[in-house]
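>>> Sequence and predicted model, in that order:
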Amino acid sequence: MMTVTLTCPECGSGIHVYPKVESTLAECDVCQHQVPLHFNPEHEQAILKDCPCCERKDFYKQKDFNRKLGVALFVIAAILSLFTYGISFIVLYLFDLLLFRKLSMIAVCYKCQSIFRNVSNIDELRPYDHEMNDRIVYSDHDFKGLPIENH
């Protein structure tokens, strides 16, 4: 079953929901703010065609890894490299390679940054595109799920 992690617009904490057509609101556990949702039968079948939060169709796929943890590990390896003569970077590289092989893929909405896990059509999504992200975030361009070269 697909799971959706939304970001609360009020406090920034994560709201975890399972897609159900009858669900129209998700409530933040921290601040009790309610976020409107628009699930459809495809979402219940773990098919991602449009975002239930912002109703856009632009997604990218990536490995399910916490970016903040990745930066923290790099900083620790950099500090330890002073004492290990760079061996800590080799250990970090091997750890990163292991994680890359083990972690599953997730889908992320460019517009609202909602995260979707266990998506059945994840292979249809494209990897992250910096230009597409900038055009969506800064000029509110809607690609309607098409690749950037079609615009």
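Arrived safely, thanks for sending.
>>> For the rest of this, base every contact and every neighbour count on C-alpha atoms.
Fine.
>>> ranges for the strands of this protein?
In order along the chain, the chain carries the following strands (DSSP state E): 3-7, 14-17, 25-27, 34-36, 59-63, 105-109, 115-117, 126-127.
>>> want to throw those into a markdown table with mean pLDDT and distance to residue 70?
Output for the strands of the chain, formatted as a markdown table (pLDDT from 0 to 100; distance: least, C-alpha to C-alpha, whole Å):
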| stretch | mean pLDDT | distance to residue 70 |
| --- | --- | --- |
| strand 3-7 | 93 | 20 |
| strand 14-17 | 94 | 19 |
| strand 25-27 | 93 | 29 |
| strand 34-36 | 93 | 29 |
| strand 59-63 | 95 | 12 |
| strand 105-109 | 96 | 16 |
| strand 115-117 | 96 | 18 |
| strand 126-127 | 95 | 19 |
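>>> Out of those strands, flag the one nearest residue 76.
Comparing these by their distance to residue 76 (C-alpha to C-alpha), the top pick is strand 59-63, with 21.6 Å.
>>> Report the inter-axis angle for that closest one versus strand 105-109.
For strand 59-63 against strand 105-109, the angle by axes from the mean of the first three to the mean of the last three C-alpha atoms, to 10 degrees is 150 degrees.
>>> can you give me how far strand 59-63 is from the chain middle?
How far strand 59-63 lies from its chain's middle: 6 Å, per C-alpha atoms, centre = their mean, to the nearest Å.
>>> and stretch 78-97, how far apart are its ends?
Distance between the two ends of stretch 78-97: 18 Å, counting by C-alpha to C-alpha, to the nearest Å.
>>> which of the residues in that stretch are buried?
Burial within stretch 78-97, assessed by neighbour count using 16 or more other C-alpha atoms under 10 Å, is assigned to 78, 88-89, 92.
>>> Just the buried residues of stretch 120-138, please?
In stretch 120-138, the ones that count as buried by 16+ other C-alpha under 10 Å are 122, 125-126, 132-133, 136.
>>> Name the nearest of these relative to residue 54.
residue 136 (12.4 Å).
>>> Contact partners for that closest one?
Contacts for residue 136 were tallied using C-alpha atoms under 8 Å, 6 or more residues apart in numbering; they are 110-111, 142.
>>> do the same with residue 5
14-17, 114-116.
>>> Same question for residue 67.
Taking C-alpha under 8 Å, 6+ apart, one finds nothing in contact with residue 67.
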